[in-house]
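Visitor: 3D, please:
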Amino acid sequence: MNNQKSIETLQFFITNLHAQAFSHKLQACIFKSKGYEKLSNLYLDHSKEELDYVDKFIKRLLDLGGTLKQEKIDDQALMEDPVEYFKTDNKVSVEGIEFLRKCMESIKDDYTTFDIFKAYLKDEEDDMYWQEEQLALIEKIGMENWLMTKAI
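Guide: Residues are numbered from 1 along each chain as shown. Predicted structure coming up:
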């Protein structure tokens, strides 16, 4: 087992998932300010869920003897329009899941870390499928009807 590869992978996801969780929290604030209570609550819950995975990644990194770092991250896009945000967030999910699968290949001999990432992958896939369902629903019933049923 290559502890260093696991530590590097964990640190990458600690940094980037923490940033994504904060971005989702900010997006929830934007949705709330627009009157989209359900969307706001959804993204607040999503942010908390992501931070739970960050905590798991941190614990595992430290268990492996790694040194935790706070790294700089790029700016995250925030949007006023929930549909445009869904489209952007879904694209990030699709690309992120593919990247996660590749990362998992490099840590497959570290069973404990692999299992943590496997659970995270399942959660991310569920989120992606939900977003895709919502985008398809918006396409069928229109944004205004969707907002009335799902966002407010």
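
Visitor: Packing partners of the worst-scoring helix or strand of the chain on mean pLDDT?
Guide: Ranking every helix and strand in the chain by mean pLDDT, DSSP states H and E puts helix 143-146 at the bottom, with a mean of 87. On a contact count with 3 or more CB pairs under 8 Å, 6 or more residues apart in numbering; DSSP states H and E, helix 143-146 meets helix 111-141. Bear in mind the C-beta positions are built from the backbone N, C-alpha and C, glycine included.

Visitor: mind listing what's buried in the least confident helix or strand of the chain?
Guide: If you call a residue buried by 16 or more other CB atoms under 10 Å, then helix 143-146 has these buried ones: W146.

Visitor: Contacts for that helix, please.
Guide: V83, Q134, L137, I138 (CB atoms under 8 Å, 6 or more residues apart in numbering).

Visitor: so how far is it off the chain centroid?
Guide: 25 Å (CA atoms, centre = their mean, to the nearest Å).

Visitor: Check stretch 51-71 too.
Guide: That offset, for stretch 51-71, works out to 17 Å (CA atoms, centre = their mean).

Visitor: if we can go back for a sec, pull the most distant pair out of the contacts of helix 143-146.
Guide: Pairwise distances across the contacts of helix 143-146 (CB to CB) peak at 10.8 Å, for the pair V83 and L137.
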